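Colleague: Give me a model of this one.
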Amino acid sequence: MTAVTQPLARFAADLRFEDLPPEVVERTQLLFMDLSGIIIRSQSLDSSLVLKETLRDLGLNSGTLQVQGSAERWLPQAAALLAGAAAHSLDFDDTHAPAQLHPGAPIIPAALAAAQMVGASTRDLIVGIVAGYEVMIRVALGLPVLKHGERGFHPSATVGVFGATAAAGNLFKLSPEQMEHAFGTALSESAGTGQFVVNGAWTKRFHVGNAAAGGVLAASLARRGYTGATQAFEGKEGFFNVYSPAPQPDKAVEGLGTVWEILRSGLKPYPCCRGIHAPLDAVMNLHARHTIDIAQIESVRVGLAKRSVYVVGEPQARRRNPHNVVDCQFSTHLCLSIALKHRHMGWDDYEPALADPEIRALMQRIDVYEDAECERNFPTAFSGVVEIRTRDGQTWREFVYAPRGEPETMLSAAELRAKFSLLVRDTLGAGGETALFNAIQAMDQPNAVDTLFVVPTGR
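Modeller: Model (predicted):
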(Lines give C-alpha, C1' and ligand atoms only; values in the text may rest on other atoms or scores of the structure.)
Protein backbone atom coordinates (compact mmCIF):
# COMPACT_ATOMS: atom_id res chain seq x y z
CA MET A 1 0.00 0.00 0.00
CA THR A 2 1.15 3.55 -0.74
CA ALA A 3 3.12 5.14 2.10
CA VAL A 4 0.87 7.65 3.82
CA THR A 5 1.94 8.02 7.46
CA GLN A 6 5.46 9.31 6.81
CA PRO A 7 4.50 11.89 4.15
CA LEU A 8 1.62 13.24 6.24
CA ALA A 9 3.78 13.32 9.38
CA ARG A 10 6.56 15.15 7.59
CA PHE A 11 4.14 17.65 6.08
CA ALA A 12 2.35 18.34 9.38
CA ALA A 13 5.57 18.65 11.37
CA ASP A 14 7.47 20.84 8.91
CA LEU A 15 4.68 23.22 7.83
CA ARG A 16 5.47 26.86 8.58
CA PHE A 17 3.66 30.15 8.04
CA GLU A 18 5.92 31.03 5.10
CA ASP A 19 4.62 27.94 3.27
CA LEU A 20 1.02 29.16 3.27
CA PRO A 21 -0.45 31.01 0.26
CA PRO A 22 -2.30 34.22 1.22
CA GLU A 23 -5.67 32.71 0.29
CA VAL A 24 -5.06 29.81 2.69
CA VAL A 25 -4.31 32.22 5.54
CA GLU A 26 -7.42 34.25 4.74
CA ARG A 27 -9.65 31.16 4.58
CA THR A 28 -8.24 29.89 7.89
CA GLN A 29 -9.14 33.17 9.62
CA LEU A 30 -12.63 32.96 8.16
CA LEU A 31 -13.07 29.38 9.37
CA PHE A 32 -11.75 30.34 12.79
CA MET A 33 -14.20 33.24 13.06
CA ASP A 34 -17.11 31.04 12.09
CA LEU A 35 -16.27 28.29 14.57
CA SER A 36 -15.49 30.75 17.37
CA GLY A 37 -19.02 32.08 17.15
CA ILE A 38 -20.45 28.58 17.38
CA ILE A 39 -18.28 27.64 20.38
CA ILE A 40 -19.32 30.80 22.22
CA ARG A 41 -23.03 30.42 21.49
CA SER A 42 -22.98 26.76 22.54
CA GLN A 43 -21.60 27.36 26.03
CA SER A 44 -25.10 27.77 27.44
CA LEU A 45 -26.63 24.69 25.79
CA ASP A 46 -27.95 21.94 28.03
CA SER A 47 -25.38 19.45 26.78
CA SER A 48 -22.53 21.91 27.39
CA LEU A 49 -23.73 22.65 30.91
CA VAL A 50 -23.87 18.96 31.79
CA LEU A 51 -20.44 18.42 30.27
CA LYS A 52 -19.00 21.26 32.34
CA GLU A 53 -20.55 19.85 35.51
CA THR A 54 -18.99 16.49 34.76
CA LEU A 55 -15.57 17.98 34.06
CA ARG A 56 -15.78 19.79 37.40
CA ASP A 57 -16.71 16.51 39.10
CA LEU A 58 -13.50 15.08 37.66
CA GLY A 59 -11.43 18.03 38.87
CA LEU A 60 -10.56 19.12 35.33
CA ASN A 61 -11.41 22.79 35.93
CA SER A 62 -8.20 23.32 37.91
CA GLY A 63 -6.04 24.30 34.96
CA THR A 64 -5.03 27.52 33.22
CA LEU A 65 -6.48 27.12 29.73
CA GLN A 66 -9.39 29.19 28.43
CA VAL A 67 -12.37 28.17 26.31
CA GLN A 68 -14.08 30.80 24.19
CA GLY A 69 -17.30 32.02 25.76
CA SER A 70 -16.43 30.74 29.25
CA ALA A 71 -14.74 32.51 32.16
CA GLU A 72 -13.56 29.25 33.74
CA ARG A 73 -10.08 27.76 33.37
CA TRP A 74 -9.52 24.14 32.42
CA LEU A 75 -6.87 21.48 32.11
CA PRO A 76 -5.74 20.96 28.47
CA GLN A 77 -7.78 17.89 27.57
CA ALA A 78 -10.88 19.32 29.23
CA ALA A 79 -10.49 22.59 27.30
CA ALA A 80 -10.23 20.73 23.99
CA LEU A 81 -13.13 18.41 24.85
CA LEU A 82 -15.44 21.22 25.93
CA ALA A 83 -14.66 23.47 22.97
CA GLY A 84 -14.83 20.59 20.48
CA ALA A 85 -18.20 19.38 21.73
CA ALA A 86 -19.54 22.93 21.74
CA ALA A 87 -18.25 23.51 18.21
CA HIS A 88 -20.31 20.59 16.91
CA SER A 89 -23.44 21.17 19.00
CA LEU A 90 -25.38 23.50 16.71
CA ASP A 91 -24.53 21.55 13.53
CA PHE A 92 -23.58 24.98 12.22
CA ASP A 93 -19.86 24.18 11.74
CA ASP A 94 -17.91 24.12 8.48
CA THR A 95 -18.00 21.21 6.06
CA HIS A 96 -15.81 19.67 3.37
CA ALA A 97 -18.26 18.18 0.87
CA PRO A 98 -15.99 15.75 -1.04
CA ALA A 99 -14.63 14.33 2.23
CA GLN A 100 -18.03 14.53 4.01
CA LEU A 101 -16.47 16.05 7.12
CA HIS A 102 -16.79 18.83 9.67
CA PRO A 103 -13.05 19.59 9.94
CA GLY A 104 -13.03 22.68 12.16
CA ALA A 105 -14.79 21.23 15.21
CA PRO A 106 -12.07 18.74 16.24
CA ILE A 107 -9.10 20.69 14.84
CA ILE A 108 -9.52 24.28 16.02
CA PRO A 109 -10.26 23.40 19.69
CA ALA A 110 -7.21 21.10 19.76
CA ALA A 111 -5.07 23.82 18.19
CA LEU A 112 -6.33 26.43 20.67
CA ALA A 113 -5.49 24.17 23.61
CA ALA A 114 -2.03 23.34 22.29
CA ALA A 115 -1.29 26.98 21.46
CA GLN A 116 -2.09 28.01 25.03
CA MET A 117 0.03 25.19 26.43
CA VAL A 118 3.19 26.41 24.68
CA GLY A 119 2.48 30.14 24.44
CA ALA A 120 2.27 30.09 20.65
CA SER A 121 1.32 33.15 18.64
CA THR A 122 -1.86 33.55 16.61
CA ARG A 123 0.28 33.19 13.49
CA ASP A 124 1.54 29.84 14.80
CA LEU A 125 -2.08 28.91 15.52
CA ILE A 126 -3.00 29.44 11.88
CA VAL A 127 -0.25 27.06 10.79
CA GLY A 128 -1.38 24.37 13.23
CA ILE A 129 -4.97 24.67 12.04
CA VAL A 130 -3.94 24.32 8.38
CA ALA A 131 -1.82 21.26 9.20
CA GLY A 132 -4.83 19.73 10.92
CA TYR A 133 -7.22 20.44 8.04
CA GLU A 134 -4.90 19.03 5.40
CA VAL A 135 -4.22 15.82 7.34
CA MET A 136 -7.83 15.21 8.38
CA ILE A 137 -9.33 15.82 4.96
CA ARG A 138 -6.70 13.77 3.16
CA VAL A 139 -7.10 10.81 5.49
CA ALA A 140 -10.84 10.91 4.81
CA LEU A 141 -10.27 10.98 1.06
CA GLY A 142 -7.98 7.97 1.40
CA LEU A 143 -10.57 5.82 3.16
CA PRO A 144 -12.71 6.91 1.15
CA VAL A 145 -15.12 8.29 3.70
CA LEU A 146 -18.34 7.16 1.99
CA LYS A 147 -17.42 3.51 2.51
CA HIS A 148 -16.31 4.34 6.05
CA GLY A 149 -19.59 6.08 6.82
CA GLU A 150 -21.63 3.24 5.37
CA ARG A 151 -20.03 1.01 7.99
CA GLY A 152 -21.65 3.19 10.63
CA PHE A 153 -18.71 5.38 11.62
CA HIS A 154 -18.99 9.11 12.38
CA PRO A 155 -16.11 10.41 10.22
CA SER A 156 -15.75 13.85 11.80
CA ALA A 157 -14.78 12.01 14.98
CA THR A 158 -12.93 8.93 13.72
CA VAL A 159 -10.88 10.93 11.20
CA GLY A 160 -11.00 14.09 13.31
CA VAL A 161 -8.61 12.77 15.92
CA PHE A 162 -5.84 12.65 13.31
CA GLY A 163 -6.48 16.25 12.29
CA ALA A 164 -6.47 17.30 15.94
CA THR A 165 -3.20 15.41 16.45
CA ALA A 166 -1.57 17.12 13.46
CA ALA A 167 -2.70 20.55 14.64
CA ALA A 168 -1.46 20.07 18.21
CA GLY A 169 1.72 18.35 17.03
CA ASN A 170 2.61 21.21 14.71
CA LEU A 171 2.17 23.71 17.54
CA PHE A 172 4.30 21.53 19.83
CA LYS A 173 7.02 21.57 17.11
CA LEU A 174 7.11 17.78 16.93
CA SER A 175 9.69 16.27 14.59
CA PRO A 176 8.38 14.18 11.69
CA GLU A 177 9.29 11.03 13.63
CA GLN A 178 7.43 12.24 16.71
CA MET A 179 4.42 13.12 14.55
CA GLU A 180 4.39 9.55 13.22
CA HIS A 181 4.28 8.26 16.78
CA ALA A 182 1.49 10.71 17.58
CA PHE A 183 -0.57 9.38 14.66
CA GLY A 184 0.12 5.86 15.90
CA THR A 185 -1.31 6.73 19.29
CA ALA A 186 -4.27 8.58 17.75
CA LEU A 187 -5.09 5.35 15.92
CA SER A 188 -6.06 3.90 19.30
CA GLU A 189 -8.39 6.83 19.94
CA SER A 190 -10.33 6.86 16.68
CA ALA A 191 -13.96 6.29 17.64
CA GLY A 192 -17.55 7.36 17.06
CA THR A 193 -20.58 5.80 15.34
CA GLY A 194 -23.86 7.02 13.93
CA GLN A 195 -25.95 5.23 16.55
CA PHE A 196 -26.77 8.62 18.09
CA VAL A 197 -29.45 9.17 15.44
CA VAL A 198 -31.71 6.54 16.97
CA ASN A 199 -32.61 8.72 19.95
CA GLY A 200 -31.06 12.09 19.09
CA ALA A 201 -28.26 11.57 21.62
CA TRP A 202 -25.68 14.12 22.68
CA THR A 203 -22.94 11.63 21.85
CA LYS A 204 -22.65 13.16 18.37
CA ARG A 205 -21.32 16.30 20.06
CA PHE A 206 -19.15 14.32 22.46
CA HIS A 207 -17.54 12.32 19.60
CA VAL A 208 -15.98 15.42 18.10
CA GLY A 209 -14.93 16.93 21.43
CA ASN A 210 -13.34 13.62 22.36
CA ALA A 211 -11.43 13.65 19.06
CA ALA A 212 -10.07 17.12 19.87
CA ALA A 213 -9.00 15.99 23.35
CA GLY A 214 -7.54 12.78 21.94
CA GLY A 215 -5.41 14.75 19.50
CA VAL A 216 -3.97 16.88 22.29
CA LEU A 217 -3.17 13.74 24.30
CA ALA A 218 -1.59 11.88 21.37
CA ALA A 219 0.63 14.85 20.47
CA SER A 220 1.54 15.42 24.13
CA LEU A 221 2.61 11.80 24.55
CA ALA A 222 4.76 11.93 21.42
CA ARG A 223 6.31 15.17 22.63
CA ARG A 224 7.61 13.26 25.67
CA GLY A 225 8.87 10.30 23.65
CA TYR A 226 5.93 7.92 23.98
CA THR A 227 5.93 5.49 21.06
CA GLY A 228 2.90 4.90 18.86
CA ALA A 229 2.16 2.26 16.24
CA THR A 230 4.07 2.65 12.98
CA GLN A 231 2.27 2.85 9.62
CA ALA A 232 -0.81 4.12 11.40
CA PHE A 233 -2.71 4.65 8.16
CA GLU A 234 -1.44 2.14 5.59
CA GLY A 235 -0.38 -0.74 7.85
CA LYS A 236 -1.97 -4.18 7.65
CA GLU A 237 -3.99 -3.37 10.77
CA GLY A 238 -3.81 0.39 10.31
CA PHE A 239 -6.63 2.87 9.90
CA PHE A 240 -7.33 2.36 6.20
CA ASN A 241 -7.44 -1.44 6.23
CA VAL A 242 -9.39 -1.80 9.46
CA TYR A 243 -11.85 1.07 9.04
CA SER A 244 -12.58 0.80 5.31
CA PRO A 245 -13.40 -2.07 2.92
CA ALA A 246 -11.82 -0.34 -0.10
CA PRO A 247 -9.15 2.25 0.84
CA GLN A 248 -7.57 4.53 -1.76
CA PRO A 249 -4.36 5.65 -0.01
CA ASP A 250 -3.05 7.49 -3.07
CA LYS A 251 -5.80 10.07 -2.53
CA ALA A 252 -4.36 10.93 0.90
CA VAL A 253 -1.05 12.21 -0.47
CA GLU A 254 -2.04 13.40 -3.93
CA GLY A 255 -0.98 17.04 -4.34
CA LEU A 256 0.20 17.25 -0.71
CA GLY A 257 1.71 20.67 -0.11
CA THR A 258 0.52 22.12 -3.41
CA VAL A 259 -3.23 21.44 -3.41
CA TRP A 260 -4.80 22.98 -0.30
CA GLU A 261 -7.89 21.05 0.74
CA ILE A 262 -8.78 23.70 3.32
CA LEU A 263 -9.86 25.91 0.42
CA ARG A 264 -12.60 23.40 -0.43
CA SER A 265 -14.23 23.82 2.99
CA GLY A 266 -17.63 25.47 3.10
CA LEU A 267 -19.58 27.43 5.71
CA LYS A 268 -23.18 26.86 6.71
CA PRO A 269 -26.06 29.35 6.57
CA TYR A 270 -28.39 26.91 8.40
CA PRO A 271 -27.77 24.97 11.67
CA CYS A 272 -28.56 21.48 10.39
CA CYS A 273 -26.97 18.61 8.49
CA ARG A 274 -25.40 19.75 5.22
CA GLY A 275 -27.57 17.28 3.30
CA ILE A 276 -30.62 19.46 4.03
CA HIS A 277 -29.07 22.73 2.83
CA ALA A 278 -29.72 22.47 -0.92
CA PRO A 279 -33.44 21.74 -0.35
CA LEU A 280 -33.59 24.68 2.06
CA ASP A 281 -32.02 26.94 -0.57
CA ALA A 282 -34.57 25.60 -3.06
CA VAL A 283 -37.43 26.54 -0.72
CA MET A 284 -35.98 30.04 -0.27
CA ASN A 285 -35.77 30.41 -4.06
CA LEU A 286 -39.39 29.30 -4.42
CA HIS A 287 -40.46 31.80 -1.77
CA ALA A 288 -38.84 34.53 -3.86
CA ARG A 289 -41.01 33.64 -6.88
CA HIS A 290 -44.28 32.44 -5.37
CA THR A 291 -46.65 33.14 -2.53
CA ILE A 292 -46.55 29.96 -0.47
CA ASP A 293 -49.44 29.25 1.88
CA ILE A 294 -48.63 26.08 3.79
CA ALA A 295 -52.33 25.34 4.31
CA GLN A 296 -52.62 25.02 0.51
CA ILE A 297 -49.69 22.61 0.15
CA GLU A 298 -50.87 19.16 -0.86
CA SER A 299 -47.44 17.50 -1.00
CA VAL A 300 -43.73 18.23 -1.02
CA ARG A 301 -41.22 15.87 -2.64
CA VAL A 302 -37.55 16.29 -1.78
CA GLY A 303 -34.89 14.59 -3.91
CA LEU A 304 -31.41 13.91 -2.50
CA ALA A 305 -28.43 11.66 -3.06
CA LYS A 306 -28.72 8.13 -1.67
CA ARG A 307 -26.42 8.80 1.29
CA SER A 308 -28.27 11.99 2.21
CA VAL A 309 -31.60 10.16 2.08
CA TYR A 310 -30.19 7.67 4.57
CA VAL A 311 -28.81 10.36 6.88
CA VAL A 312 -31.60 12.97 6.83
CA GLY A 313 -34.61 11.30 5.20
CA GLU A 314 -35.03 7.82 6.63
CA PRO A 315 -36.79 6.25 8.35
CA GLN A 316 -39.43 8.72 7.24
CA ALA A 317 -41.79 8.00 10.11
CA ARG A 318 -39.02 9.02 12.51
CA ARG A 319 -38.01 12.09 10.50
CA ARG A 320 -41.63 13.24 10.43
CA ASN A 321 -41.84 12.97 14.21
CA PRO A 322 -38.69 14.50 15.77
CA HIS A 323 -38.50 14.41 19.56
CA ASN A 324 -35.57 16.72 20.32
CA VAL A 325 -33.16 19.20 18.77
CA VAL A 326 -30.68 16.59 17.52
CA ASP A 327 -33.60 14.90 15.74
CA CYS A 328 -34.49 18.26 14.21
CA GLN A 329 -30.96 18.77 12.86
CA PHE A 330 -31.31 15.54 10.87
CA SER A 331 -34.93 15.89 9.76
CA THR A 332 -35.44 17.18 6.23
CA HIS A 333 -39.16 17.18 6.99
CA LEU A 334 -38.86 19.47 10.02
CA CYS A 335 -36.30 21.87 8.56
CA LEU A 336 -38.22 22.34 5.30
CA SER A 337 -41.49 22.80 7.18
CA ILE A 338 -39.92 25.64 9.17
CA ALA A 339 -38.58 27.23 6.00
CA LEU A 340 -41.88 26.86 4.17
CA LYS A 341 -43.82 28.49 6.99
CA HIS A 342 -41.39 31.20 8.11
CA ARG A 343 -39.15 31.89 5.07
CA HIS A 344 -36.10 31.28 7.27
CA MET A 345 -34.57 28.46 9.31
CA GLY A 346 -32.37 29.15 12.33
CA TRP A 347 -31.30 27.67 15.64
CA ASP A 348 -34.02 29.44 17.62
CA ASP A 349 -36.71 27.95 15.37
CA TYR A 350 -36.30 24.35 16.57
CA GLU A 351 -37.99 24.39 19.96
CA PRO A 352 -41.07 26.36 18.79
CA ALA A 353 -41.37 24.08 15.74
CA LEU A 354 -41.50 20.96 17.90
CA ALA A 355 -44.64 22.36 19.55
CA ASP A 356 -46.23 23.83 16.40
CA PRO A 357 -49.25 21.78 15.14
CA GLU A 358 -49.09 23.40 11.67
CA ILE A 359 -45.49 22.30 11.23
CA ARG A 360 -46.31 18.87 12.63
CA ALA A 361 -49.06 18.52 10.05
CA LEU A 362 -46.90 19.77 7.17
CA MET A 363 -44.15 17.27 7.97
CA GLN A 364 -46.58 14.45 7.23
CA ARG A 365 -47.00 15.76 3.67
CA ILE A 366 -43.27 15.78 2.90
CA ASP A 367 -41.65 12.80 1.20
CA VAL A 368 -37.88 12.30 0.70
CA TYR A 369 -36.60 10.14 -2.15
CA GLU A 370 -33.37 9.30 -3.98
CA ASP A 371 -32.96 11.54 -7.02
CA ALA A 372 -30.78 10.31 -9.89
CA GLU A 373 -29.22 13.69 -10.68
CA CYS A 374 -28.42 14.39 -7.03
CA GLU A 375 -26.83 10.93 -6.77
CA ARG A 376 -24.64 11.61 -9.84
CA ASN A 377 -23.38 14.85 -8.28
CA PHE A 378 -22.59 13.34 -4.86
CA PRO A 379 -20.23 13.85 -3.05
CA THR A 380 -18.74 16.57 -5.25
CA ALA A 381 -21.92 18.49 -4.54
CA PHE A 382 -24.73 17.95 -2.03
CA SER A 383 -27.49 18.69 -4.54
CA GLY A 384 -31.20 18.81 -3.78
CA VAL A 385 -34.51 19.22 -5.60
CA VAL A 386 -37.86 20.30 -4.17
CA GLU A 387 -41.25 19.88 -5.85
CA ILE A 388 -44.34 21.43 -4.25
CA ARG A 389 -47.87 20.56 -5.33
CA THR A 390 -50.71 22.82 -4.17
CA ARG A 391 -54.33 21.91 -3.59
CA ASP A 392 -55.41 24.01 -6.58
CA GLY A 393 -53.24 22.00 -8.97
CA GLN A 394 -50.08 24.10 -9.24
CA THR A 395 -46.64 22.48 -9.24
CA TRP A 396 -43.43 24.36 -8.39
CA ARG A 397 -40.01 22.74 -8.79
CA GLU A 398 -36.53 23.97 -7.89
CA PHE A 399 -33.17 22.21 -8.28
CA VAL A 400 -30.02 23.39 -6.44
CA TYR A 401 -26.70 21.93 -7.55
CA ALA A 402 -24.65 23.04 -4.53
CA PRO A 403 -25.92 24.78 -1.39
CA ARG A 404 -24.89 28.27 -0.40
CA GLY A 405 -21.65 28.44 1.55
CA GLU A 406 -19.59 26.10 -0.61
CA PRO A 407 -16.38 27.57 -2.10
CA GLU A 408 -18.19 28.30 -5.38
CA THR A 409 -21.28 29.67 -3.59
CA MET A 410 -19.56 31.26 -0.59
CA LEU A 411 -21.56 33.50 1.67
CA SER A 412 -20.77 37.19 1.40
CA ALA A 413 -18.57 38.94 3.95
CA ALA A 414 -21.67 40.72 5.26
CA GLU A 415 -23.55 37.41 5.69
CA LEU A 416 -20.64 35.81 7.54
CA ARG A 417 -20.24 38.86 9.77
CA ALA A 418 -23.96 38.77 10.53
CA LYS A 419 -23.76 35.09 11.45
CA PHE A 420 -20.86 35.81 13.80
CA SER A 421 -22.75 38.67 15.40
CA LEU A 422 -25.89 36.57 15.84
CA LEU A 423 -23.87 33.90 17.62
CA VAL A 424 -21.73 36.00 19.97
CA ARG A 425 -23.53 39.29 20.66
CA ASP A 426 -25.69 38.03 23.56
CA THR A 427 -22.71 36.44 25.30
CA LEU A 428 -19.95 38.97 24.69
CA GLY A 429 -21.90 42.19 24.25
CA ALA A 430 -21.29 44.62 21.39
CA GLY A 431 -17.87 45.67 22.67
CA GLY A 432 -16.71 42.10 23.18
CA GLU A 433 -17.96 41.08 19.77
CA THR A 434 -15.99 43.86 18.10
CA ALA A 435 -12.86 43.10 20.12
CA LEU A 436 -12.94 39.43 19.15
CA PHE A 437 -13.68 40.16 15.50
CA ASN A 438 -10.73 42.56 15.33
CA ALA A 439 -8.44 40.04 17.04
CA ILE A 440 -9.38 37.38 14.51
CA GLN A 441 -8.75 39.80 11.65
CA ALA A 442 -5.23 40.28 13.06
CA MET A 443 -4.44 36.58 13.55
CA ASP A 444 -1.91 36.63 10.72
CA GLN A 445 0.31 38.80 12.92
CA PRO A 446 2.42 37.29 15.75
CA ASN A 447 -0.07 38.29 18.44
CA ALA A 448 -0.76 36.54 21.74
CA VAL A 449 -3.37 33.78 21.58
CA ASP A 450 -4.99 35.35 24.66
CA THR A 451 -6.40 38.06 22.37
CA LEU A 452 -8.80 35.44 20.98
CA PHE A 453 -10.54 35.00 24.34
CA VAL A 454 -13.02 37.67 25.41
CA VAL A 455 -14.62 37.40 28.85
CA PRO A 456 -18.41 36.96 28.59
CA THR A 457 -20.49 39.94 29.68
CA GLY A 458 -21.37 39.82 33.38
CA ARG A 459 -19.49 36.60 34.03
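Colleague: name the helices or strands packed onto the worst-scoring helix or strand of the chain on mean pLDDT?
Modeller: For the chain, counting by mean pLDDT, DSSP states H and E, helix 145-150 ranks last in confidence among helices and strands (a mean of 91). Counting contacts by 3 or more Cβ pairs under 8 Å, 6 or more residues apart in numbering; DSSP states H and E, helix 145-150 packs against helix 155-158, helix 306-312. C-betas here are computed from N, CA, C, even on glycine.
Colleague: List the buried residues for that helix?
Modeller: V145, L146, H148, G149 (16 or more other Cβ atoms under 10 Å).
Colleague: Stretch 245-253 now?
Modeller: Across stretch 245-253, burial judged by 16+ other Cβ under 10 Å covers P247, P249, K251, A252, V253.
Colleague: Could you do stretch 283-303 as well?
Modeller: V283, M284, L286, H287, I292, I294, I297, V300, R301, V302, G303.
Colleague: Could I get the pLDDT score of the third one?
Modeller: This points to L286. pLDDT, L286: 98.
Colleague: Equivalent analysis for the last one, please.
Modeller: As predicted, G303 sits at a pLDDT of 98.
Colleague: if we can go back for a sec, tell me which two of the buried residues of helix 145-150 sit farthest apart.
Modeller: L146 and H148 (7.1 Å; Cβ to Cβ).
Colleague: G346: how many residues sit nearby?
Modeller: Residues near G346, counting by other Cβ atoms under 10 Å, number 17.
Colleague: Excluding chain neighbours, what is closest to it?
Modeller: Distances taken as Cβ to Cβ, 6 or more residues apart in numbering place P271 nearest to G346, at 6.6 Å, with adjacent residues excluded.
Colleague: sec struct for that neighbour, please.
Modeller: coil (DSSP: H, G, I helix; E, B strand; the rest coil).
Colleague: Now name the helix or strand holding the residue lying closest to P144 once chain neighbours are set aside.
Modeller: Nearest residue to P144 in three dimensions, chain neighbours excluded: Q248, at 5.6 Å (Cβ to Cβ, 6+ apart). For Q248, there is no host helix or strand (DSSP states H and E).
Colleague: wouldn't Q248 be in contact with K147 here?
Modeller: No - Q248 is not in contact with K147 according to Cβ atoms under 8 Å; the separation is 9.3 Å.
Colleague: circling back: return the most buried member of the helices and strands packed on helix 145-150.
Modeller: helix 155-158 (a mean of 26; mean count of other Cβ atoms under 10 Å).
Colleague: Counting by contacts, list what it packs against.
Modeller: helix 104-118, helix 145-150, helix 203-223.
Colleague: Give me the contacts around it.
Modeller: 88, 99-103, 105-106, 140, 143, 145, 148-149, 190-192, 207-208, 210-211, 243 (Cβ atoms under 8 Å, 6 or more residues apart in numbering).
Colleague: now do 6 Å
Modeller: Applying Cβ atoms under 6 Å, 6 or more residues apart in numbering, the external contacts of helix 155-158 come out as L101, H102, A140, V145, H148, G149, S190, G192, H207, V208, A211.
Colleague: What of stretch 49-66?
Modeller: Contacts for stretch 49-66 (Cβ under 6 Å, 6+ apart): E72, R73, W74, L75, P76, A78, A79, A85, A113, Q116, F453.
Colleague: hang on, the earlier thing: take the helices and strands packed on helix 145-150 and write them to a markdown table, including distance to L8 and mean pLDDT.
Modeller: A markdown table is the format used below for the helices and strands packed on helix 145-150 (distance: least, Cβ to Cβ, whole Å; pLDDT from 0 to 100):
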| stretch | distance to L8 | mean pLDDT |
| --- | --- | --- |
| helix 155-158 | 16 | 98 |
| helix 306-312 | 26 | 96 |
